[in-house]
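Asker: One predicted model, sequence on top.
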Amino acid sequence: MNLYGPREETPIRPFRLLITTLSAALIGPAVLVAASPPASAASKPSIAALALANVKKMACSVNSQNGKAFESSCTGNGGQPEFWCADFARWVWSEAGVADTSRLNALAGSFYLYGLDYNTLSSVPAVGDAAVFDYNGSGNAAHVAIVTEVSLYGTIETVSGDWGGHGNTEAQFSSTSSVVQNTPAYLGTLGATPGIMGMTISAFVAPVGVPVTPVLGESWLTGGHTLTAGQKLTSPNGLYSLVMQSDGNLVEETGSRPLWSAGTTGHIGDKAVVQTDGNLVVESSSGAAIWSSGTGGHSGAITLAVRDDASMVITGTSGTLWNRRPQIEIQFAGQTLLSGQRLVSSNGMYILNMQSDGNLVEYTAGRPLWATGTQGGAGNRAVMQTDGNLVVYSSTGVVRWSSGSGGHSGNINLMLLANAGLVVNGPSGPLWTNHI
């Protein structure tokens with residue numbers, strides 16, 4: 001029997017997960033169509049604190065706010081306890097001050113629909129989010145839990161209502177289950193199926209009006225460690241790897257596509273060394289330095305990280321010593337450009353920049369060629385939606401601009417071409433272009 005109640009059929013197809021022995025876990029945001037979100041007085045820590053304060057309580061217990069039960073957990077099944085994981089999550093959000101929980105109900109899938117309505121679906125977890133498991137695309141899901149901890153290693157902890165019950169009926173299971181802290185920490189990546197949960201993570205959903213600060217996952221090596229031929233350091237979301245190739249080249253890649261390299265091809269037996277003085281060095285088989293980051297001369301704790309946004313960073317006790325954000329000319333369906341992020345054409349001549357002032361602008365040699373005209377909205381983000389629509393959203397989820405190319409399915413991506421064209425591609429060809 002499942003620990004959380006009956007399992008919904010046909011979970012969504014999971015996102016690709018690639019984890020090496022040197023990596024951890026997380027993935028980049030995926031957001032969809034937005035409604036106008038209400039204001040909220042809640043804060044993230046209060047959501048987590050409320051969830052944790054009710055660990056071990058049951059469907060009909062007096063809760064930490066001195067009320068009975070959690071929403072309709074005690075009586076929703078014809079006067080008896082109902083499956084109540086969503087009741088608990090909704091109660092936590094409501095008691096924490098989230099302005100509008102009226103769209104939520106006793107179904108775990110209502111949290112996914114809430115995220116669709118308010119554009120708060122994310123693939124990057126934050127404390128206070130609702131984690132939805134085994135969503136089947138029809139408004140139903142197997143479980144929902146509250147995220148109470150997120151680490152840089154890509155792991156999360158959650159608190160679940162209606163966990164660990166037993167019996168053959170809804171009332172029997174729900175009357176014997178309780179609020180449980182799901183520990184030890186587990187992989188918080190879309191498409192992952194952590195053993196402790198026994199279900200696949202479908203989405204993270206943020207409560208509207210509450211500032212969300214996702215933790216950007218990073219995988220890292222400390223000073224003194226080495227990558228030899230064939231070894232790699234992979235970002236927690238599995239998208240980006242720093243690989244010490246067998247041909248001697250140190251390369252960052254996504255899939256089989258290179259994003260950056262040290263240019264050391266042809267030196268068989270090379271290795272990449274994170275030196276304790278802060279220098280990243282590619283050494284030949286004889287120990288000669290062929291390439292370096294030029295960041296030596298430091299002391300203290302040193303780390304080399306590959307992050308979920310594709311950046312490679314060397315940090316020391318004094319801060320960032322080296323930061324490389326490789327050129328990326330393609331954005332896949334479900335991915336987001338946040339403030340300060342950009343696409344770069346393969347020839348390096350054109351840049352699509354999500355500016356800090358909220359405007360999405362294409363440049364060449366510092367000269368603007370095209371823009372969405374959405375300046376004045378700090379915190380805007382550009383989302384390549386899975387339906388083929390490129391949308392600039394405000395920080396509160398309001399649509400500021402769109403390409404008007406929605407309504408499609410299949411393989412979708414946004415490409416910045418070497419001829420300056422910005423193109424949304426679908427399975428049958430271009431769906432939209434900026435006509436430069």
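Answerer: Cool, the structure landed.

Asker: Please report the distance of Val383 from Cys85.
Answerer: 29 Å (CB to CB, to the nearest Å). Every C-beta, even on glycine, is put in place using the N, C-alpha and C of the backbone.

Asker: Between those two, tell me which one has more neighbours.
Answerer: Cys85 (30 against 26; other CB atoms under 10 Å).

Asker: who's in contact with that one?
Answerer: 4-5, 108, 143-145, 160-163 (CB atoms under 8 Å, 6 or more residues apart in numbering).

Asker: JSON lines for those, including pLDDT?
Answerer: Listed next are the contacts of Cys85 as JSON lines, based on pLDDT from 0 to 100:
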{"residue": "Tyr4", "pLDDT": "37"}
{"residue": "Gly5", "pLDDT": "38"}
{"residue": "Ala108", "pLDDT": "97"}
{"residue": "His143", "pLDDT": "98"}
{"residue": "Val144", "pLDDT": "98"}
{"residue": "Ala145", "pLDDT": "98"}
{"residue": "Ser160", "pLDDT": "98"}
{"residue": "Gly161", "pLDDT": "98"}
{"residue": "Asp162", "pLDDT": "98"}
{"residue": "Trp163", "pLDDT": "98"}
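
Asker: could you dump those to a markdown table with distance to Thr254, secondary structure and neighbour count?
Answerer: Output for the contacts of Cys85, formatted as a markdown table (distance: CB to CB, whole Å; DSSP: H, G, I helix; E, B strand; the rest coil; neighbours: other CB atoms under 10 Å):
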| residue | distance to Thr254 | secondary structure | neighbour count |
| --- | --- | --- | --- |
| Tyr4 | 35 | coil | 27 |
| Gly5 | 38 | coil | 21 |
| Ala108 | 33 | coil | 30 |
| His143 | 31 | strand | 30 |
| Val144 | 31 | strand | 31 |
| Ala145 | 30 | strand | 33 |
| Ser160 | 34 | strand | 26 |
| Gly161 | 38 | strand | 32 |
| Asp162 | 39 | strand | 32 |
| Trp163 | 37 | strand | 23 |
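
Asker: surely Glu149 meets Leu52?
Answerer: No - using CB atoms under 8 Å as the test, Glu149 is too far from Leu52 to be in contact (9.6 Å).

Asker: Show me what the helix or strand harbouring Ala51 is packed against.
Answerer: Taking DSSP states H and E as the criterion, Ala51 maps to helix 44-53. Under the contact criterion of 3 or more CB pairs under 8 Å, 6 or more residues apart in numbering; DSSP states H and E, helix 44-53 touches helix 85-95, strand 143-150, strand 155-163.

Asker: Just want the angle from that helix to helix 85-95.
Answerer: Angle of helix 44-53 versus helix 85-95, following axes from the mean of the first three to the mean of the last three CA atoms, to 10 degrees, is 130 degrees.

Asker: C-alpha coordinates for helix 44-53, CSV please?
Answerer: C-alpha atoms of helix 44-53 as CSV (Å, rounded to 0.1, in the frame of the first residue of the first chain):
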residue,chain,number,x,y,z
LYS,A,44,8.1,31.7,3.5
PRO,A,45,9.6,30.9,6.9
SER,A,46,6.1,31.1,8.5
ILE,A,47,4.8,28.5,6.1
ALA,A,48,7.6,26.1,6.9
ALA,A,49,7.4,26.8,10.6
LEU,A,50,3.6,26.0,10.6
ALA,A,51,4.1,22.8,8.7
LEU,A,52,6.8,21.6,11.1
ALA,A,53,4.8,22.7,14.2
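
Asker: OK, contacts around the closest residue to Met244 other than its chain neighbours?
Answerer: Counting by CB to CB, 6 or more residues apart in numbering, Met244 lies nearest to Leu227, which is 4.0 Å off, once chain neighbours are set aside. Going by CB under 8 Å, 6+ apart, Leu227 touches 221, 233, 242-244, 250, 271-272.

Asker: let's see it at 10 Å
Answerer: 22, 221, 233, 242-244, 250, 270-274, 280, 282, 304 (CB atoms under 10 Å, 6 or more residues apart in numbering).

Asker: Quick check, pLDDT for the closest residue to Asn249 other than its chain neighbours.
Answerer: Distance criterion CB to CB, 6+ apart; nearest residue to Asn249, sequence neighbours excluded, is Thr265 at 4.2 Å. Thr265 carries a pLDDT score of 92 in this model.

Asker: swap in the one 4 residues further on?
Answerer: At Gly269, the model reports a pLDDT of 89.

Asker: ok, back up a step: among the contacts of Leu227, which one lies nearest to Leu422?
Answerer: Ranked by distance to Leu422 (CB to CB), the contacts of Leu227 are led by Leu242 at 28.5 Å.

Asker: so where's the stretch 301-436 of the chain uncertain?
Answerer: 326-328, 347-348, 365 (pLDDT under 70).

Asker: And this structure, what are its domain boundaries?
Answerer: According to automatic domain parsing, the chain is divided into the following domains: 44-205, 218-323, 330-433.

Asker: Return the most buried member of those domains.
Answerer: Neighbour counts (mean count of other CB atoms under 10 Å) averaged over each of those peak at domain 44-205, with a mean of 22.

Asker: Distance from the chain centre to it, please.
Answerer: In this view, domain 44-205 has its centroid 19 Å away from the chain centroid, taken as CA atoms, centre = their mean, to the nearest Å.

Asker: cool, stretch 346-363 as well?
Answerer: 22 Å.

Asker: again, but for stretch 247-262
Answerer: Counting by CA atoms, centre = their mean, stretch 247-262 comes out at 23 Å from the chain centroid.

Asker: Mind checking what secondary structure the residue most central in space within the chain has?
Answerer: The residue lying closest to the centre of the chain (CA atoms, centre = their mean) is Val124, at 2.2 Å. Here Val124 takes the coil state, with states given by DSSP: H, G, I helix; E, B strand; the rest coil.

Asker: hang on, isn't it packed against Val205?
Answerer: No - using CB atoms under 10 Å, Val124 makes no contact with Val205, being 11.7 Å away.

Asker: quick one, strands of the stretch 151-300 of the chain?
Answerer: In the stretch 151-300 of the chain, the segments counted as strands under DSSP state E, counting those that start in this stretch are 155-163, 178-187, 201-205, 218-222, 226-227, 232-234, 241-244, 250-254, 257-261, 271-274, 280-283, 289-292.

Asker: Where among these is average confidence lowest?
Answerer: When mean pLDDT is averaged over each of the strands of the stretch 151-300 of the chain, strand 257-261 scores lowest at a mean of 80.

Asker: So what does the residue nearest to the centre of the chain look like in phi/psi?
Answerer: The phi/psi pair for Val124 (degrees, to the nearest 10) reads phi -110, psi 120.

Asker: Test for you: state the pLDDT assigned to it.
Answerer: If you check Val124, the pLDDT there is 75.

Asker: Give me the distance between it and Ser299.
Answerer: 34 Å.

Asker: One more: Leu227?
Answerer: Counting by CB to CB, the gap from Leu227 to Ser299 is 22 Å.
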